[in-house]
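Asks: next one to model:
(chains A and B)
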Number of protein chains: 2
Amino acid sequence: MEPESFFTKNTKAALKHDPPGEWMPPVPDHSIPLNAGYPAHSLVPYEEMNEAVKDLIEEEKDLPFQYLGSKKVNTVKKFVRERLAERGVVLLEKEILVTAGAIQGIDLIARTFIDRDTWIVVESPSYMEGLETFRNYTDHYITVPIDENGMQTEELEKTLKDRKEKNLPMPKLVYTIPSFHNPSGTTMSIDRRRHLLELASEFDFLIIEDDAYGELYFGERPTPIKAMDSGSRVFYIGSFSKIVAPGLRVGYVAARSDLLEPLAWFKKDLGHPFAEATLGSYLSQTDMKKRFEMLRKVYQQNCKTLISSLEKYMGDIATWKNPSGGYFVWVHVPGVDTSKILNEAMQAGVAYVPGKHFFVHEQEGLSYLRLSFSYVSREEMVTAVEKLSQVIKKHIDQ
Amino acid sequence: MEPESFFTKNTKAALKHDPPGEWMPPVPDHSIPLNAGYPAHSLVPYEEMNEAVKDLIEEEKDLPFQYLGSKKVNTVKKFVRERLAERGVVLLEKEILVTAGAIQGIDLIARTFIDRDTWIVVESPSYMEGLETFRNYTDHYITVPIDENGMQTEELEKTLKDRKEKNLPMPKLVYTIPSFHNPSGTTMSIDRRRHLLELASEFDFLIIEDDAYGELYFGERPTPIKAMDSGSRVFYIGSFSKIVAPGLRVGYVAARSDLLEPLAWFKKDLGHPFAEATLGSYLSQTDMKKRFEMLRKVYQQNCKTLISSLEKYMGDIATWKNPSGGYFVWVHVPGVDTSKILNEAMQAGVAYVPGKHFFVHEQEGLSYLRLSFSYVSREEMVTAVEKLSQVIKKHIDQ
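Replies: Numbers count the residues shown, from 1 in each chain, chains lettered A, B, ... in the order given. The predicted structure is shown next:
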């Protein structure tokens, strides 16, 4: 019996790519994980979670452990609505779908709107797990480069006009991370956000706005594209992974209800009442504005440390942009294939994510790497960047 | 902008069916929910869960709240392996995929192996959420009736031979709930289990064995089909929903690794580290054999009460089979459309699930209804059955 003979066409096409999560080999214990795109131990409110669970069970007994789940789930929706309203996005309750992290949101949208004939637009670079998810559905990509003001919508416009003229297939969806972009750290300007919306209307496509880092601004708070979405073409994706805890796996999608409804259809029972109730209980006993302020301060200081280490140790061999929020610094090291020296770097004591994994066309990312300032201590960051610079210099000298 | 113009062909086909969960209108507070397919409040170990979370966080701090999750997740796999080994199913670790409940397992299998051209075999009746999930992928069903010994594999054989002769499309998958079937309560005989495996080999199909109720036997412990699966054609699906708590949403799929691998591919990040770690912590501090014994005793006694109430109040108007395990009694009420009298019954104080929702061809199930003995108290069961009999009798008399 050959498994392949049972696979669908889509499964066969998906399996042609690298397996999910292949971008990182195991990081040795002695390596400082600048690859880690998740919060530091001290930023995960685990003691508060313990309290949240205790209160939840005292109050609701078995409810959070039943299918129907706890009423606290409504606290999650309420929080999302209130928070987004402050950011200019006014939503009805039926316009929010709580998901198992941002990635389930992306997956459900892909599942509803993308098949192997569908063309989609992604930024170049883009979130590697987003790309992995899309590859499960299609291999037809239009890539749009990013500069210091985010996605170059002028380039997108040119491409779309050109494709239309040539009668080529037009894209149905544009996937963007407009604020504190993963991996590049850049933020899309307000003009380009407007321009993207105009293009959506002109060329009739939908937009996935992945705003996982939106609350983690160091300076000006960016306005979500969704806040200007008069044509109702935007799926806004939010997440509690970066602001509370990734392991809870709670995120959400906000969109007009007739676009959202089929997502709920495919989601079915794939929720997780207990984790959602735990989050609800946590939110109801936490001053989230204060928490946001604390997180912004910590990450901003972390970012400063990482940037000054880069200036000190890698100013002569690399370039990068200063992010104004989020988790990441995107480093360009001309002349070095960052995927080839990863193992050596890890042996030397520092891990990062090689740039190529963030590109549809991997060769475009060979000389890039992503560093995270969310997880390791500031002391470790300095040490790690020094070590990284030594490894890179060896290869530039050769 | 018309959402439909963006939907894939599959989405459009899926949306032609009723939305998920449509089988039950809201049950009024004063109604006794004999529809409820989940454990009674007192059978959900919520205090122990509180302890489990407390111990987990004391021991592992932020780990269960990170992407990578806690080591306790391995406790879940270890438990599954040991328990299944006792039941004759010997598995390697890589042959188990932990999922968000049994339904995610079914969904991932469907996603990997079924597209709109695929034919599948389901029992008639079958698990309504299973049917709902399959409808998201295909509309091509071969249905096989059930009798007191489970799926009539002789009928399946006839159908398959006939289709082969006529050069009709052959099914790729057979979905069965061989033990304490939902909704019919029946159990497939050992001879038919063997026969099904022979047919799988002869007609080259795969089998999904949904064993969500397998531990809840009142008499003899059934041998899983997977235990006899020398040809490695069986996906065994297990769940902690009925034996620990549904709201944790933890289940698993066991299959040969090359069949399982693409499921993990599509699953990606859709796990839930915190819930799995909580379950792992709970399992490591619980005598599960003792818990199984307790559950079997309670459910068996519940079942007896429900059956004797049926004998007392409905012996003259209905027939049913005595289940030897599980959660459900499947009642046949000739001459009554159970979906039409549901609202009246709920007003009178009793809810059930109308039989039609368990059938691909709904009209086959009009005179059936599913009663659950898992959730309500024995006193309530008696009252509920009496009320139900009164409503039904009114409609038979007419």
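Asks: distance of A:Y375 relative to A:S42?
Replies: With distances taken as C-beta to C-beta, to the nearest Å, A:Y375 is found 10 Å from A:S42. For every residue, glycine as well, the C-beta is placed using N, CA and C.
Asks: specify which residue of those two has the higher count of neighbours.
Replies: Between A:Y375 and A:S42, counting by other C-beta atoms under 10 Å in any protein chain shown, A:Y375 is the more crowded of the two (21 against 11).
Asks: near chain B at all, stretch A:209-222?
Replies: No - counting by C-beta under 8 Å from any C-beta of the partner chain, chain B is not contacted by stretch A:209-222; separation bottoms out at 12.5 Å.
Asks: for that stretch, buried residues please.
Replies: By neighbour count on 16 or more other C-beta atoms under 10 Å in any protein chain shown, the buried set for stretch A:209-222 is A:209-218, A:222.
Asks: where's stretch A:39-49 relative to the chain centroid, distance-wise?
Replies: Counting by C-alpha atoms, centre = their mean, to the nearest Å, stretch A:39-49 is centred 20 Å from the centre of its parent chain.
Asks: actually stretch A:333-344, sorry about that
Replies: 24 Å.
Asks: stretch A:159-174 too?
Replies: Worked out by C-alpha atoms, centre = their mean, stretch A:159-174 lies 26 Å from the chain centre.
Asks: okay, that stretch in PDB with CA atoms only?
Replies: Output in PDB follows, covering the C-alpha atoms of stretch A:159-174 (Å, rounded to 0.1, in the frame of the first residue of the first chain):
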ATOM      1  CA  THR A 159       2.600  44.500 -11.200                       C
ATOM      2  CA  LEU A 160      -1.200  44.400 -11.100                       C
ATOM      3  CA  LYS A 161      -1.600  46.800 -14.000                       C
ATOM      4  CA  ASP A 162       0.900  44.800 -16.000                       C
ATOM      5  CA  ARG A 163      -0.800  41.500 -15.200                       C
ATOM      6  CA  LYS A 164      -4.200  42.900 -16.100                       C
ATOM      7  CA  GLU A 165      -2.900  44.200 -19.400                       C
ATOM      8  CA  LYS A 166      -1.400  40.900 -20.200                       C
ATOM      9  CA  ASN A 167      -4.600  39.100 -19.100                       C
ATOM     10  CA  LEU A 168      -2.700  37.100 -16.500                       C
ATOM     11  CA  PRO A 169      -4.500  35.700 -13.500                       C
ATOM     12  CA  MET A 170      -5.100  38.300 -10.800                       C
ATOM     13  CA  PRO A 171      -4.600  37.800  -7.100                       C
ATOM     14  CA  LYS A 172      -7.500  37.200  -4.800                       C
ATOM     15  CA  LEU A 173      -5.700  38.000  -1.500                       C
ATOM     16  CA  VAL A 174      -2.900  40.200  -0.200                       C
END
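Asks: may I see the buried residues of that stretch?
Replies: Using 16+ other C-beta under 10 Å as the test for burial, stretch A:159-174 gives A:159-160, A:163, A:171-174.
Asks: that one vs chain B: in contact?
Replies: Yes - applying C-beta under 8 Å from any C-beta, one finds stretch A:159-174 touching chain B at A:K172.
Asks: ok, residues contacting that stretch?
Replies: Defining contact as C-beta atoms under 8 Å, 6 or more residues apart in numbering or on different chains, one finds that stretch A:159-174 is touched by A:109, A:113-114, A:117-122, A:140, A:142, A:144, A:156, A:196, A:199-200, A:203-208, B:6.
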